[in-house]
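# what follows is a predicted structure for the sequence shown.
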Amino acid sequence: MVVNSRIAACAIALVVAAACRAAPQPQSFLEFVEEVAPGVVWYRTADSSLVAGAGPIAVSLLRLDPTRVWLASALSNDRVLDAEPVDGIAARHGAIAAINGGFFNRDNGEPTGLLKVGGELVSDASRLKGAVVITNLPTGQMALEFDRLSAKLTMRFHARGRDWEVPIDGVDTTRERGKLMLYTPAYHEDTDTAPTGTEWTLTGDPLRVNEVRPASGQTPIPRRGAALSYGGLDLPAALAALSSGTSVTFETRWTSLGEVPIDSLDRSDHIINGAGLLRRRGQALVNWEDEGLNPETFVDARHPRTLIGTDREGFIWFAAVDGRQVDYSIGMTFADLQRLCDRLGLTDALNLDGGGSTTMVVRGRIVNRPSDPGGPRPVSDAIVVTLK
């Protein structure tokens with residue numbers, strides 16, 4: 001799919017993970033477990049002072065050298081409409097390690113926040129929330145940026161003697177009545193819709209309407225194109241003008257609270273959503289209500305947590321905090337996570353999906369204890385680690 005993005009760029013440069021020198025000695029609260037591979041070191045901690053003496057805690061951690069590894073977002077079963085345990089995702093990608101990624105709808109596996117995979121936006125978001133941006137630079141280096149982001153698409157085309165501009169209400173997500181959705185090849189074989197709408201297939205470069213399908217559903221999504229789906233048969237004037245052969249373009253409208261340059265977001269390889277940006281460029285954040293997070297049930301409650309961050313030396317850290325297991329590990333609040341960030345010396349950190357989704361995989365094995373009684377929860381996406 002071809003997506004053109006045009007919006008005024010902001011003036012803060014992308015932070016590039018610096019080439020790491022000799023690895024610093026691990027902090028005293030960490031127990032060394034194994035050097036899994038060059039640049040991948042596995043630690044554990046059960047230091048109860050991380051949770052202010054409230055109970056037992058168990059955290060699995062990975063320290064990653066960005067000069068020795070690549071990070072990537074990977075979809076469950078390589079599509080949006082699905083869910084799969086993290087160890088299955090890691091195995092299919094030949095990953096040395098992996099953690100669960102962003103938040104998602106447990107009913108069908110659809111991401112509920114911003115998600116970009118392999119350079120393609122597969123889930124948009126209206127609200128600013130914490131996210132991590134991963135870019136593989138032409139120099140062979142990998143850059144990570146942490147920010148609060150949102151992204152929405154707009155479709156433009158010329159028909160019936162005039163220019164039209166139509167907002168896209170959702171990308172790769174369940175269609176709603178009176179809403180226009182865009183489905184990319186990453187979603188599924190088809191739109192997975194009921195025959196109560198109007199759908200268009202788009203192919204070519206630039207994209208053109210290949211077919212208009214009134215009163216249709218489950219339209220096959222072209223492998224080299226996309227599909228549009230409107231929930232309803234009574235079309236607004238703009239969509240009634242969208243006929244076969246019409247050329248269309250899409251613009252991504254990014255919003256960046258930390259003023260990450262828009263062209264950096266456009267060319268990024270992966271963006272993974274979270275809920276709770278903890279640190280950004282050395283500053284600890286506390287205004288999580290801005291992300292719509294409930295203090296009582298989410299921020300100040302102890303849950304299993306998954307975290308990604310970077311430290312002062314340029315190392316990347318993964319943390320899987322076990323919880324909801326009173327005799328083993330009680331989980332962490334955001335205040336506890338901030339304490340963990342302090343101990344690790346993190347300058348940037350993001351709380352990813354947690355709860356029963358919290359899973360860390362090392363060499364094909366789940367090394368933490370997921371809290372769901374039935375075992376590791378299938379998730380929509382994971383962050384996988386492969387060796388350079």
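Noted; the coordinates are in hand.
# ok, residue 144 touching residue 136?
No. With contact defined as CB atoms under 8 Å, residue 144 and residue 136 do not form a contacting pair (10.8 Å). For glycine as for every other residue, the C-beta is placed from the backbone atoms N, C-alpha and C.
# pretty sure residue 87 sits against residue 364.
Yes. Using CB under 8 Å, residue 87 is in contact with residue 364, at 6.4 Å.
# mind giving me the domain split of the chain?
31-146+257-387, 153-252 (automatic domain parsing).
# quick check: mean pLDDT of the shortest one?
When you say that, I think you mean domain 153-252. Here domain 153-252 scores 97 as its mean pLDDT.
# pull the distance from it to the chain's centre.
24 Å (CA atoms, centre = their mean, to the nearest Å).
# start to end distance for that domain?
Using CA to CA, to the nearest Å, the end-to-end distance of domain 153-252 comes out at 5 Å.
# could you state which residue of this protein sits nearest its centroid?
residue 272 (2.0 Å; CA atoms, centre = their mean).
# are we agreed that that one is in a helix?
No. Using DSSP: H, G, I helix; E, B strand; the rest coil, the secondary structure at residue 272 is strand, not a helix.
# thought it was touching residue 101?
Yes. Taking contacts as CB under 8 Å, residue 272 lies within contact range of residue 101: 4.9 Å.
# which neighbours do the two share?
Shared contacts of residue 272 and residue 101, defined by CB atoms under 8 Å, 6 or more residues apart in numbering, comprise 73, 115, 352, 381, 383.
# can you give me the strands in the stretch 151-300 of the chain?
162-167, 170-171, 180-183, 197-203, 208-216, 225-230, 248-256, 270-273, 277-280, 283-284 (DSSP state E, counting those that start in this stretch).
# and the fourth one, what does it pack onto?
Put plainly, it is strand 197-203. strand 208-216, strand 225-230 (3 or more CB pairs under 8 Å, 6 or more residues apart in numbering; DSSP states H and E).
# closest one to residue 242 among the ones you listed?
strand 208-216 (6.2 Å; CB to CB).
# list the buried residues in stretch 100-108.
100, 101, 102, 103, 104, 106 (16 or more other CB atoms under 10 Å).
# for that stretch, measure first residue to last.
End residues of stretch 100-108 are separated by 16 Å (CA to CA).
# same deal with stretch 363-381?
Per CA to CA, stretch 363-381 runs 18 Å from first to last residue.
# enumerate the positions of that stretch that are buried.
366, 367, 368, 369, 370, 371, 376, 377, 378, 379, 380, 381.
# what does the pLDDT read for residue 23?
At residue 23, pLDDT is 44.
# which of the domains of the chain is buried the deepest?
domain 31-146+257-387 (a mean of 20; mean count of other CB atoms under 10 Å).
# re earlier: closest to residue 44 out of the helices and strands packed on strand 197-203?
Comparing these by CB to CB, strand 225-230 comes nearest, at 44.6 Å.
# and the closest one, what does it pack onto?
strand 180-183, strand 197-203.
# any idea which of those gets closest to residue 215?
Nearest of those (CB to CB): strand 197-203, 7.4 Å.
# you'd agree residue 230 is up against residue 179?
Yes. Contact criterion CB under 8 Å: residue 230 and residue 179 qualify, at 7.4 Å.
# what ranges does the stretch 1-150 of the chain have for its strands?
Using DSSP E, counting those that start in this stretch, strands in the stretch 1-150 of the chain cover 31-37, 40-45, 59-64, 69-75, 97-100, 115-117, 120-123, 125-136, 142-159.
# got a markdown table for the ones you listed, with distance to residue 334 too?
Below are those laid out as a markdown table (distance: least, CB to CB, whole Å):
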| stretch | distance to residue 334 |
| --- | --- |
| strand 31-37 | 24 |
| strand 40-45 | 18 |
| strand 59-64 | 15 |
| strand 69-75 | 23 |
| strand 97-100 | 18 |
| strand 115-117 | 22 |
| strand 120-123 | 24 |
| strand 125-136 | 11 |
| strand 142-159 | 15 |
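# which one of those lies nearest to residue 299?
strand 125-136 (12.3 Å).
# show me what the closest one is packed up against.
strand 69-75, strand 142-159, helix 262-267, strand 270-273, strand 277-280, strand 346-351.
# now render those as TSV, adding distance to residue 317.
Below are the helices and strands packed on strand 125-136 laid out as TSV (distance: least, CB to CB, whole Å):
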stretch	distance to residue 317
strand 69-75	12
strand 142-159	11
helix 262-267	22
strand 270-273	15
strand 277-280	11
strand 346-351	7
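# in the chain, which ranges drop under the pLDDT threshold?
1-27 (pLDDT under 70).
# distance of the residue in the chain sticking out farthest from the centre relative to residue 189?
Largest separation from the mean C-alpha position in the chain: residue 161, at 40.1 Å (CA atoms, centre = their mean). Per CB to CB, to the nearest Å, residue 161 is found 37 Å from residue 189.
# how about residue 144?
Residue 144 is 33 Å from residue 189, by CB to CB.
# also residue 32?
46 Å.
# likewise for residue 346?
41 Å.
# what does residue 384 give?
24 Å.
# so residue 44 touches residue 29, yeah?
No. At 10.3 Å, residue 44 does not count as touching residue 29 under the criterion of CB under 8 Å.
# contacts only, for residue 60.
42, 43, 44, 319, 320, 322, 360, 367, 368.
# kindly recompute the last result at 10 Å.
33, 42-45, 99, 318-322, 358-360, 362, 366-369 (CB atoms under 10 Å, 6 or more residues apart in numbering).
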